[in-house]
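[1] I would like to see how this sequence folds:
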Amino acid sequence: MVGQPIGGDAVFAGDSVAPPADAWRTVDSLFEDVIERGLLSGAVTAAWHGNSLVHGSALGSRDVATRDAMRQDSIFRIYSMTKPITAAAMMILWDEGKWSPSDLIADHLPELAGLQVLEAGSTAEAPMLAPPTVQPTLEHLMTHQAGFTYGFTDEPVDQLFRAAHVPVIPHSVSAEEYLARLARVPMAFHPGTGWRYGVSMDVQGLVIERLSGMTLRDFMRQRIFEPLGMVDTDFIVPDEKRHRLATLYSLAGDALVEMEHGSERLHYDNVAGLSPSDLIPPCDREPLLASGGGGLMSTAADYLRFGRMLLGKGELDGNRIISREAAEWMMRSHTPDHLLTGDFGSAPHGLRPGYEYAYNGIVVTDPEKADVRLGRDTYFWDGAAGSWFWCDPQNDLVFVCMVHLLTDAERLALQFQSRGIVADVLNELNGKDAASTVPMHVAGEQ
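    I've put the predicted structure just below:
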């Protein structure tokens, strides 16, 4: 199976392209194996290292039934890879002095002033509520410490989330109605005492709209996408680009099943409480409320440019999106020690010393403690359809992978396998004695 080489499409036009190195072919082999076994439709990967594009490949099919080849300009639902972009949007407004981490959420969204906490021992039928010991702040909001949830499980707080009809990925609900529904849902814990993956980044999107006076879609387009040249990133896929949208799949056993808004089930154990309509919003029309937590569509080339902006501490090709201070603040750990126990995180990421939460993504503060083959200060996150990226300043690297498989990440573990493969590539290219050499062996990496 031969992937399109770097520079094979116009999507990387204008970028410096390094001569292809055979070492990077090992990245393709990871995906070729699962594609040939029918467990993945296709993949697009790209790597930026040493001021040039060193790897770019499109493998497999955009659509299995039609056998349309995957292309480097294929468009994917990136789901939670929206979150780091929302963090950057927040940091733009932080640079402008419009918010502070110590601000109360209710200072900006008074509709959420009366949030309560669900006490231990409660049931959904007989919830016991208490006022929070501290009011949730924007720092809590940026770090999943506010107590918001997503409705993924059968725990009472998630049952109450679903009963309030709070959308996981808002699209066809107004901001006013969204806030009214969310205000009825209790928080899972007292702010700052726990960590729970939830709708915090959608709430951030509402903060961005209030502070900027713009819709989230317009703000991101004008302040991030257009300056960075991210020409295919949006909350919709317009008609003229629809043929480039990769088909979304899930795995039912060992069979790929096409997933649509009206599909019968997700085949996705990590979100067993949800239906396909909860997780697959329409992409052919502008949303009433854009989801800052999971609503964007993008390409590998576009997201590589976003990652390069982070690698450049807020700047790309002379366009400064956020200040250096804002970039460093966004990508540093904001996780208190009492949450670094391995008991908190979002599958498959467990927070622990060295593998900590920054703003809207994880930062590797100590690869040895974290037991991972990533450079120090690497910032990353992933999405529900299997895509991921990381920005590794120690190794001057951005790596992006786009796939379209709504299934448990642990099943194929592609993200974690790719870390070791890329680490080996860098070691081969740099020489094992180079200062930027990535740790050679990590047992039980996550």
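[2] quick one: contacts for residue 197?
    144, 149, 150, 152, 345, 346 (C-beta atoms under 8 Å, 6 or more residues apart in numbering). C-betas here are computed from N, CA, C, even on glycine.
[3] For the residue nearest to residue 106 when sequence neighbours are not counted, the count of nearby residues, please.
    In this structure, residue 106 finds its nearest non-sequential neighbour in residue 113, 3.9 Å apart by C-beta to C-beta, 6 or more residues apart in numbering. Counted with other C-beta atoms under 10 Å, the neighbours of residue 113 add up to 12.
[4] Next: the one 10 residues further on.
    Burial of residue 123, expressed as a neighbour count using other C-beta under 10 Å, amounts to 11.
[5] Just the pLDDT at it, thanks.
    For residue 123, the pLDDT comes out at 95.
[6] So which other helices or strands are in contact with whichever strand or helix holds residue 206?
    If you go by DSSP states H and E, residue 206 is part of helix 200-212. Packing contacts for helix 200-212, counted by 3 or more C-beta pairs under 8 Å, 6 or more residues apart in numbering; DSSP states H and E, involve helix 82-95, helix 105-108, helix 138-142, helix 175-182, helix 216-220.
[7] hmm, back to that, with residue 107 as the reference, measure out to the residue nearest to residue 106.
    9 Å (C-beta to C-beta, to the nearest Å).
[8] hang on, the earlier thing: and the helices and strands packed on helix 200-212 as JSON lines, adding distance to residue 353?
    Listed next are the helices and strands packed on helix 200-212 as JSON lines, based on distance: least, C-beta to C-beta, whole Å:
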{"stretch": "helix 82-95", "distance to residue 353": "22"}
{"stretch": "helix 105-108", "distance to residue 353": "28"}
{"stretch": "helix 138-142", "distance to residue 353": "20"}
{"stretch": "helix 175-182", "distance to residue 353": "33"}
{"stretch": "helix 216-220", "distance to residue 353": "34"}
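[9] Show me the one of those helices that comes nearest residue 263.
    Proximity to residue 263 (C-beta to C-beta) singles out helix 82-95 among the helices and strands packed on helix 200-212, at 21.6 Å.
[10] Just the CA trace of the closest one, in PDB.
    Listed next in PDB are the C-alpha coordinates belonging to helix 82-95 (Å, rounded to 0.1, in the frame of the first residue of the first chain):
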ATOM      1  CA  THR A  82     -11.400  21.200  18.900                       C
ATOM      2  CA  LYS A  83     -10.500  21.800  22.600                       C
ATOM      3  CA  PRO A  84      -6.900  23.000  22.100                       C
ATOM      4  CA  ILE A  85      -8.200  25.500  19.500                       C
ATOM      5  CA  THR A  86     -10.800  26.700  22.000                       C
ATOM      6  CA  ALA A  87      -8.000  27.200  24.500                       C
ATOM      7  CA  ALA A  88      -6.100  29.300  22.000                       C
ATOM      8  CA  ALA A  89      -9.200  31.400  21.500                       C
ATOM      9  CA  MET A  90      -9.500  31.900  25.200                       C
ATOM     10  CA  MET A  91      -5.800  32.900  25.400                       C
ATOM     11  CA  ILE A  92      -6.400  35.600  22.700                       C
ATOM     12  CA  LEU A  93      -8.900  37.100  25.100                       C
ATOM     13  CA  TRP A  94      -6.600  36.600  28.000                       C
ATOM     14  CA  ASP A  95      -4.000  38.600  26.100                       C
END
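[11] let's have the chain start at 19 instead
    Done: numbering now begins at 19, and the last item shifts to helix 100-113.
[12] Ranking helices and strands of the protein by mean pLDDT, which lands last?
    Evaluated with mean pLDDT, DSSP states H and E, the helix-and-strand set of the chain has its lowest mean pLDDT in helix 427-430, which scores a mean of 81.
[13] Please enumerate residues in contact with that one?
    Here helix 427-430 has contacts from 52, 57, 58, 269, 288, 365, 366, 400, 404, 423, 433, using C-beta under 8 Å, 6+ apart.
[14] and the third one, what does it touch?
    Spelled out, that is residue 58. 49, 52, 78, 274, 421, 423, 430, 432.
[15] I'd assumed residue 418 was in a strand, is it?
    Yes: applying DSSP: H, G, I helix; E, B strand; the rest coil, one finds residue 418 inside a strand.
[16] so who does it touch?
    Listed by C-beta under 8 Å, 6+ apart, the contact partners of residue 418 are 63, 64, 65, 318, 321, 322, 325, 405, 406, 407.
[17] now stretch 176-195: how far from the chain's centre is it?
    Its chain's C-alpha centre and that of stretch 176-195 lie 20 Å apart, by C-alpha atoms, centre = their mean, to the nearest Å.
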